[in-house]
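Novice: For reference, the sequence and a predicted model appear below.
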Amino acid sequence: MNFSYEALIFFTFIFFLAAFIHGSIGFGFPMVATPLLALFTDLQTAIVLTFIPTLLVNLISIISEGDILLAARRHLSLALFAILGSAAGTQILLSVNSDIFKGLLGIVILIYLLVEKTKLELSWIRSYPRLSKFAFGVSAGLLGGLTNVMAPVLIIYSLESKHSKIEIVQAANLCFLFGKIIQILLFTLNDEFTLNELSISSVMLIVSSIGLYVGIALKKKINERFYQKIIRALLFTLAAVLLIQVSVWLIHQESRQNQQIHMHTVQQLPLTWGAGHFNQRWIHLMTHKHLHTAEDGITRCWWGKDHLDYRNYHDVEWGRPVSKDFRLFEKICLEGFQSGLSWLTILRKRENFRHAFSGFDFNKITGFDDNNVSQLLQNSGIIRHRGKIEATINNAHRALELVEEFGSLAAYIWGWEPASPEPHIGKGEYSHPIPSITRTSQLLSKDLKNRGWKFIGPTTAYAFMQAMGLVNDHMEGCAIREIVESMRSEFEPPNQQFCRQSSD
């Protein structure tokens, strides 16, 4: 991934600040660096950028507190348990979007601070030393693998185990050092970083060294009691930051899902809500709420108002029937890549995707091999996720099978066009609709999965149906709705040798 000059300046500041804090209190480098770096890039890349500086920072912190061999013997079992957790956490990180786990971590920290504030003790930690060491070691490693933040769990364990300041620092750094080594190994095996990222990480090693030196010099002036206060203040601040981050992530997810919304909800309000004229008034209010009239005087669905890219996509693409195989295949693949991201991100990278995947010509993509995958993982113009890249290659093979069976991919896809509007499945609010799953999208997803397709759940399947014109989900009152409806009425679906049973 390539970064701007401005971003590199911020990286320099972030690494110096994180190393300074780590040096002054004995831990905290990844806790500070990771969430700040994630403001400029994704979580996986943020973790990769901290690889090399973290190893040095942890090693120097252990040595600065005394005999490293003595520390290793004293905390080796805890560190080994952390390796187990880190391996599991890293594998999850490489497979799914782990941002939601930041919220879990924040809650765990706040619960501990509440327990400490009310003078309750976790006496079982000292009563069952082996069990607690296993539980906290694995938990710390798991969270470290997922979020690059391990110290809070280890601090809870060390404080309740009545460890000294030196023991707290050595235990936290040793566990993170061991966990980071296994994480680097797993990232390497999965080819999840680029030489450019490692180069930046290497350069930041110098910056981190300076920050660490300054921090260590200051630490000698901090007394034990004040040190404990700093730890607790840092924990509280960290918990707040993590919870804010996950809240922003959830809002982002909701915003992304709103772009895939099924617009029929307001037409399906139950008559049991009251008299007919009240229902009509309610429908009018809800329809009006989800429309937006821009400065050009055109009334659109609300999701098309914020960005020009969205507006253009809303006006000239979304909902218009598509019969070309490669465009249908492109949309299925890009919906998969969108998982955990906004559609705006995909739109702005779409031309890069088209170039990287041969115009989504599945005849060509079936010829992609490991070398192509490696090249795609180095391509900063697309979403570099090994699982999604490999799923695209897999789905190309599956698309050819559908062409062989039905004559074209379009013939298969348009066999799933609903005969009439369908009710939503799952929760929803009339005042704030959410993305829907319909019976047809469930059946389409199930059938594709049975045929070996990947990254095609029922919500993704319905978003695909909306975008490709199998349904018209432009809001009543949207200026584009009638245009799309006219195009759909004139559209002749490809010859279909395939007939589904949507009522099954």
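Specialist: It's in. Numbering: from 1, shown residues only.
Novice: ok, the nearest residue to Pro493 once chain neighbours are set aside - contacts?
Specialist: Residue nearest to Pro493 in three dimensions, not counting chain neighbours: Trp414, with 3.9 Å by CB to CB, 6 or more residues apart in numbering. (Glycine included, C-beta is placed from N, CA and C.) With contact set as CB atoms under 8 Å, 6 or more residues apart in numbering, Trp414 has these partners: 323, 470, 493-494, 496.
Novice: Top of those residues by number of neighbours, please.
Specialist: Leu470 (25 neighbours; other CB atoms under 10 Å).
Novice: From Ala87, how far off is it?
Specialist: 43 Å (CB to CB, to the nearest Å).
Novice: Just name the closest of the contacts of Trp414 to Ala294, please.
Specialist: Leu470 (27.0 Å; CB to CB).
Novice: measure the closest residue in space to that closest one that isn't next to it in sequence to Cys333 for me?
Specialist: Counting by CB to CB, 6+ apart, Glu417 is the residue found nearest to Leu470 once chain neighbours are left out, at 4.7 Å. Look at Glu417 and Cys333: by CB to CB, they are 21 Å apart.
Novice: So which of those two has more stuff around it?
Specialist: Neighbour count, other CB under 10 Å: between Glu417 and Cys333, Cys333 has more, with 25 against 19.
Novice: Thought Thr392 was touching that one, still the case?
Specialist: Yes: contact between Cys333 and Thr392 holds when scored by CB atoms under 8 Å: they sit 4.8 Å apart.
Novice: Can you check which residues contact both of these two?
Specialist: The contact sets of Cys333 and Thr392 overlap at Phe357 (CB under 8 Å, 6+ apart).
Novice: that older thread, how far away is the residue nearest to Leu470 from Phe226?
Specialist: From Glu417 to Phe226 the distance is 69 Å (CB to CB).
Novice: do Lys180 as well
Specialist: Taken as CB to CB, the span from Lys180 to Phe226 is 29 Å.
Novice: Please say which of these two ends up with more neighbours.
Specialist: When Lys180 and Phe226 are compared for neighbours, Lys180 comes out ahead with 27 against 10, by other CB under 10 Å.
Novice: so what's that one closest to, chain neighbours aside?
Specialist: Leaving aside its sequence neighbours, Lys180 sits nearest to Thr54 (CB to CB, 6+ apart; 5.3 Å).
Novice: For that neighbour, give me its contacts.
Specialist: The neighbours of Thr54, taking CB under 8 Å, 6+ apart as the test, are 29-30, 176, 180.
Novice: so of these, which ones are in helices?
Specialist: 29-30, 176, 180 (DSSP state H).
Novice: Can I get the residues you listed in CSV including pLDDT and distance to His314?
Specialist: Below are the ones in helices among the contacts of Thr54 laid out as CSV (pLDDT from 0 to 100; distance: CB to CB, whole Å):
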residue, pLDDT, distance to His314
Phe29, 86, 44
Pro30, 84, 41
Phe176, 87, 47
Lys180, 88, 45
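Novice: which of those lies closest to Ile230?
Specialist: Phe29 (15.0 Å).
Novice: what's the burial count for Asp67?
Specialist: 12.
Novice: Show the pLDDT at it.
Specialist: At Asp67 the predicted local distance difference test score is 70.
Novice: Which secondary structure state does Gly103 sit in?
Specialist: Put simply, Gly103 is helix when judged by DSSP: H, G, I helix; E, B strand; the rest coil.
Novice: Could you say which helix or strand holds the residue nearest to it when sequence neighbours are not counted?
Specialist: Spatial nearest neighbour of Gly103, excluding adjacent residues (CB to CB, 6+ apart): Val246 at 3.4 Å. Assigned by DSSP states H and E, Val246 belongs to helix 224-258.
Novice: Rounded mean pLDDT for that helix, please.
Specialist: Averaging pLDDT along helix 224-258 gives 67.
Novice: now Ser441: how far from Ile14?
Specialist: According to CB to CB, Ser441 stands 42 Å off from Ile14.
Novice: So if I had to pick from these two, which one is more boxed in?
Specialist: Set side by side, Ser441 and Ile14 show more neighbours around Ser441, with 28 against 25, by other CB under 10 Å.
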